[in-house]
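A.B. asks: no sequence on this one, just coordinates:
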């Protein structure tokens with residue numbers, strides 16, 4: 001989890017407070033390891049299936065709108081980012 005000094009601001013998603021890290025991901029202030037995109041998914045669809053990833057369709061980790069989220073297997077997620085990186089070599093490979 002990021003240090004408080006690494007965090008920029010906060011937002012409330014469905015009753016929980018999250019801080020934005022430097023890498024753009026929003027993390028819970030009270031529940032270790034809870035990311036906003038996973039929380040938003042859970043509010044709409046229930047628990048994330050074990051071993052599944054929640055992907056940001058637009059590759060913007062700060063965009064946690066439900067329409068921007070997609071549940072993928074780790075293999076699908078890795079393949080997607082590999083294809084994106086292959087066509088955009090300067091883009092960093094994102095890990096969730």
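C.D. replies: Structure received. Treat the numbers as computed from the prediction; the structure is a model and nothing was measured.
A.B. asks: mind listing the helices in this structure by residue range?
C.D. replies: Applying DSSP state H to the chain gives helices spanning 36-45, 74-87.
A.B. asks: tell me which of these approaches residue 24 most closely.
C.D. replies: helix 36-45 (10.5 Å; Cβ to Cβ). Yep, even glycine has a C-beta here, placed from its N, CA and C like the rest.
A.B. asks: what's the closest one in contact with?
C.D. replies: Helix 36-45 has contacts (Cβ atoms under 8 Å, 6 or more residues apart in numbering) with 11, 13-14, 16, 18, 25-28, 48, 54, 56, 61, 64-66, 69, 71, 96.
A.B. asks: repeat that for 6 Å
C.D. replies: Residues from elsewhere that reach helix 36-45 (Cβ atoms under 6 Å, 6 or more residues apart in numbering): 13, 14, 16, 18, 26, 48, 54, 64, 66, 69.
A.B. asks: likewise for stretch 60-68?
C.D. replies: The list of residues contacting stretch 60-68 from outside it, by Cβ under 6 Å, 6+ apart, reads 24, 25, 36, 37, 40, 44, 56, 57, 58.
A.B. asks: if we ignore the residues flanking it in sequence, what's nearest the third one?
C.D. replies: The reference is to residue 36. residue 26 (3.5 Å; Cβ to Cβ, 6 or more residues apart in numbering).
A.B. asks: got a list of what the one you found touches?
C.D. replies: Contacts of residue 26 (Cβ under 6 Å, 6+ apart): 18, 20, 36.
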